[in-house]
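**Student:** pasting the sequence and the predicted coordinates here, then a few questions.
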Number of protein chains: 2
Amino acid sequence: MRLSTVRTPSGATAAASHDGDVWRRLPADNLSTLIEGHRLEAIDHLAGAPLPDATLALPLPHPGKVICCGLNYADHVVETGRDLPSHPTLFAKYADTLIGPGEDIVLPHGLEVDWEAELAVVVGETIRGVDVEQARAAIAGYTVANDISVRDWQRRTLQWFQGKAWDRTTPVGPVVVTPDELDPVAGLDVVCRINGEERQRASTGTLVFDSATLLAYISTFTTLRAGDLVLTGTPGGVGMGMTPPTFLASGDHVETEIPGIGTLNNVVRFVN
Amino acid sequence: MRLSTVRTPSGATAAASHDGDVWRRLPADNLSTLIEGHRLEAIDHLAGAPLPDATLALPLPHPGKVICCGLNYADHVVETGRDLPSHPTLFAKYADTLIGPGEDIVLPHGLEVDWEAELAVVVGETIRGVDVEQARAAIAGYTVANDISVRDWQRRTLQWFQGKAWDRTTPVGPVVVTPDELDPVAGLDVVCRINGEERQRASTGTLVFDSATLLAYISTFTTLRAGDLVLTGTPGGVGMGMTPPTFLASGDHVETEIPGIGTLNNVVRFVN
């Protein structure tokens, strides 16, 4: 099943689709609200009337937590000059960073803006102190994200937060696919294209810490709740790893794709 | 004016006090809700009946953002072996980390748990891209916080988040004092005592980045809203800086005080 938030002529609504084509109304204004109020198993039974004029929006507009893992693909770890990690490197951002499919990545001029295509995991129920199997059972689904990063701010200090938490810069979507349809451990390609040129492609099968392991680890110290997002990290091929380092320009088209989930299309727009 | 959330025999409520003694009811269940819905100037006029049996609780139970500054006192920067910073070091935590006055700091056995007494700033209105003077005008008040840190997890990776974001470990309160009554730039003492022994004492006048500067800087990249908290950093004297490094034990009494605001009393309790 695919889940998302869609825009319709009569307003936004959470919606479900079996084929990715016909979307049916779910009883909430958006998927964040729906998923906070209903157990996953119940969602399929809630789907109502088809929505003929639905366009996909940011699936999860208000997750309570957006926790990101860095340095989680062996090739990206190597391009940043580091050793393979014994523990996941985690940092936090807030829901304000998120934008949906088709929305512009708006930033001021003069920043070093880089791409980071990622698989994101959607939490489906409240978990704290769970093991990996319990964490796996708590996964509501998977979506695509691009952890667009302002490298000069990220490097200003030891902590990456200020380069990662610019409002309205992290595309997420276009849909959430339930785990019965996908297995990132078996391998999903994570792809980033800039103006049509492929810059990143790696399999989630090569993640150092897989989705369930990340959720279990995070749940050791903080509660994860339905609708929370965990970004699993980006593979090699980011702009700062190129020779010479290459960053995004205003007007650049950022395409972030995981075949089996979907593609995010976002344009960078620098403003004064 | 002092603002907080208080427990009463008829339930929790936001409350205001002029003398810190008699608390008057404000029209919201807690100060987070109140401050999100009302401009600061209006709050004094909203105060209703006195609350004879009020006890102080966590003033702000659900800030949307809790952003922390590290390495902001010259002496603490020196004890961690670093140079004075050109930019504030920032990291994020979530509201789940917060506890109120008198509440236990509950953690599993076997962690290196350290204290970090701090001045915290409460945001009073929505700001984005403001200058320092506008940021200063947006300050709702000041409170006391202890950014209790799990040092072994903080050191596991480059990013401090996983050592800083354990649920229910960051005492905040006991009250928020409005800026007409206090000037941290002129200097407020920030004090931490462990089992009655003073471990930290420094003046907020020695902060590298003062409250308004931090708010303005953060507002460059993300929106701050009424009720958000910014923790301004801890001075020298933390346990990991002692010889030998010294951490908290179960039963230890953590007293965090800023004279002019108040004192937080919290006991560490390790559980299995």
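**Tutor:** Here it is on my side, so go on.

**Student:** how about the longest helix along chain A as CSV, C-alpha atoms only?
**Tutor:** What stands out as the longest helix in chain A, according to DSSP state H, is helix A:211-219. In CSV, the C-alpha atoms belonging to helix A:211-219 read as follows (Å, rounded to 0.1, in the frame of the first residue of the first chain):
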residue,chain,number,x,y,z
SER,A,211,16.3,0.8,9.4
ALA,A,212,15.3,-1.5,12.2
THR,A,213,18.7,-1.3,13.8
LEU,A,214,18.6,2.5,13.7
LEU,A,215,15.1,2.6,15.3
ALA,A,216,16.1,0.2,18.0
TYR,A,217,19.3,2.2,18.8
ILE,A,218,17.4,5.5,18.9
SER,A,219,14.7,4.0,21.1
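
**Student:** near chain B, which residues of the stretch 1-150 of chain A show up?
**Tutor:** A:64-65, A:67, A:70-71, A:85-94, A:96-97, A:128, A:150 (CB under 8 Å from any CB of the partner chain). Every C-beta, even on glycine, is put in place using the N, C-alpha and C of the backbone.

**Student:** if we use 10 Å, what do you get?
**Tutor:** A:62, A:64-71, A:82, A:85-97, A:107-108, A:111, A:128-129, A:150 (CB under 10 Å from any CB of the partner chain).

**Student:** of the residues you listed, just the buried ones, ChimeraX syntax please.
**Tutor:** The ChimeraX command for the buried members of those (criterion: 16 or more other CB atoms under 10 Å in any protein chain shown) is given here:
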select /A:62,64,65,66,67,68,69,70,71,85,88,89,90,91,92,93,94,95,96,97,107,111,150
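
**Student:** which of the three states applies to A:D96?
**Tutor:** With DSSP: H, G, I helix; E, B strand; the rest coil as the basis, A:D96 sits in helix.

**Student:** excluding its backbone neighbours, what's nearest it?
**Tutor:** Using CB to CB, 6 or more residues apart in numbering or on different chains and skipping the chain neighbours, the partner closest in space to A:D96 is A:D167 (4.6 Å).

**Student:** if I look at that neighbour, how far off is A:P108?
**Tutor:** 12 Å (CB to CB, to the nearest Å).

**Student:** same question for stretch A:259-268, mean pLDDT?
**Tutor:** Averaged across stretch A:259-268, the pLDDT comes to 98.

**Student:** report the distance from it to the chain centre.
**Tutor:** Chain-centre distance of stretch A:259-268: 11 Å, with CA atoms, centre = their mean, to the nearest Å.

**Student:** does it reach chain B?
**Tutor:** No - counting by CB under 10 Å from any CB, chain B is not contacted by stretch A:259-268; separation bottoms out at 15.9 Å.

**Student:** tell me the buried residues in that stretch?
**Tutor:** Applying 16+ other CB under 10 Å to stretch A:259-268 flags A:261-262, A:264, A:266, A:268 as buried.

**Student:** so which of these comes closest to A:D189?
**Tutor:** A:I261 (10.2 Å; CB to CB).

**Student:** was I right to think that closest one contacts A:L3?
**Tutor:** No - the pair A:I261 / A:L3 is not scored as a contact, 11.3 Å apart, by CB atoms under 10 Å.

**Student:** overlap in contacts, those two.
**Tutor:** A:141, A:143, A:175-177 (CB atoms under 10 Å, 6 or more residues apart in numbering or on different chains).

**Student:** in which helix or strand does A:V175 reside?
**Tutor:** Assessed by DSSP states H and E, A:V175 sits inside strand A:170-177.

**Student:** export the next helix-or-strand element following that strand as CSV, just CAs?
**Tutor:** Downstream of strand A:170-177, the first helix or strand assigned by DSSP H and E is strand A:189-194. What follows is strand A:189-194, C-alpha atoms only, in CSV (Å, rounded to 0.1, in the frame of the first residue of the first chain):
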residue,chain,number,x,y,z
ASP,A,189,18.6,1.8,-5.1
VAL,A,190,18.9,5.4,-3.8
VAL,A,191,19.5,7.7,-6.6
CYS,A,192,20.2,11.5,-7.0
ARG,A,193,20.3,13.3,-10.3
ILE,A,194,21.2,17.0,-10.6
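
**Student:** before we move on, back to that, the strand holding A:V175 pairs with which strands, and in what direction?
**Tutor:** strand A:2-8 (antiparallel), strand A:98-99 (parallel), strand A:139-146 (antiparallel) (DSSP bridges).

**Student:** list the contacts for A:V123?
**Tutor:** So, once contact is read as CB under 10 Å, 6+ apart, A:V123 ends up touching A:35, A:63-65, A:67, A:135, A:138-141, A:215, A:218-219, A:223-230.

**Student:** out of those, which are inside strands?
**Tutor:** Applying DSSP state E to these, the entries found in strands are A:67, A:139-141, A:229-230.

**Student:** list just the nearest of these to chain B.
**Tutor:** Taking CB to the nearest CB as the measure, chain B lies nearest A:I67 of the ones in strands among the contacts of A:V123, at 7.9 Å.

**Student:** which residue packs closest to the closest one, ignoring adjacent ones?
**Tutor:** A:V230 (5.2 Å).

**Student:** neighbours of the one you found, how many?
**Tutor:** 28 (other CB atoms under 10 Å in any protein chain shown).

**Student:** circling back: any shared contact partners between A:D167 and A:P108?
**Tutor:** Joint contacts of A:D167 and A:P108 (CB under 10 Å, 6+ apart) are B:F221.

**Student:** which helices and strands sit right next to whichever strand in chain A runs longest?
**Tutor:** Looking across chain A with DSSP E, the single longest strand is strand A:262-271. Contact analysis of strand A:262-271 by 3 or more CB pairs under 10 Å, 6 or more residues apart in numbering or on different chains; DSSP states H and E lists strand A:105-108, strand A:139-146, strand A:170-177, strand A:189-194, strand A:253-258 as its packing neighbours.

**Student:** what's the most buried one of these?
**Tutor:** strand A:170-177 (a mean of 27; mean count of other CB atoms under 10 Å in any protein chain shown).

**Student:** now A:G239: how far from A:Y94?
**Tutor:** 24 Å.

**Student:** ok, and the closest non-adjacent residue to A:Y217?
**Tutor:** A:P88 (5.8 Å).

**Student:** could you do A:D44 as well?
**Tutor:** A:M1 (6.1 Å).

**Student:** for that neighbour, give me its contacts.
**Tutor:** Residues in contact with A:M1 (CB under 10 Å, 6+ apart) are A:16-20, A:40, A:43-44, A:47, A:141, A:175-178, A:180-181.

**Student:** in those residues, which has the lowest confidence score?
**Tutor:** A:L40 (74).

**Student:** next, the contact list for the residue nearest to that one when sequence neighbours are not counted, please.
**Tutor:** In space, and not counting its chain neighbours, A:L40 is closest to A:G124: 4.7 Å by CB to CB, 6+ apart. Going by CB under 10 Å, 6+ apart, A:G124 touches A:35, A:38-41, A:43, A:137-141, A:176, A:178-179, A:224-228.

**Student:** what's the lowest-mean-pLDDT helix or strand in chain A packed up against?
**Tutor:** Taking mean pLDDT, DSSP states H and E as the measure, chain A has helix A:74-79 as its least confident helix or strand, at a mean of 76. When contacts are defined as 3+ CB pairs under 10 Å, 6+ apart, helix A:74-79 sits against strand A:197-203.
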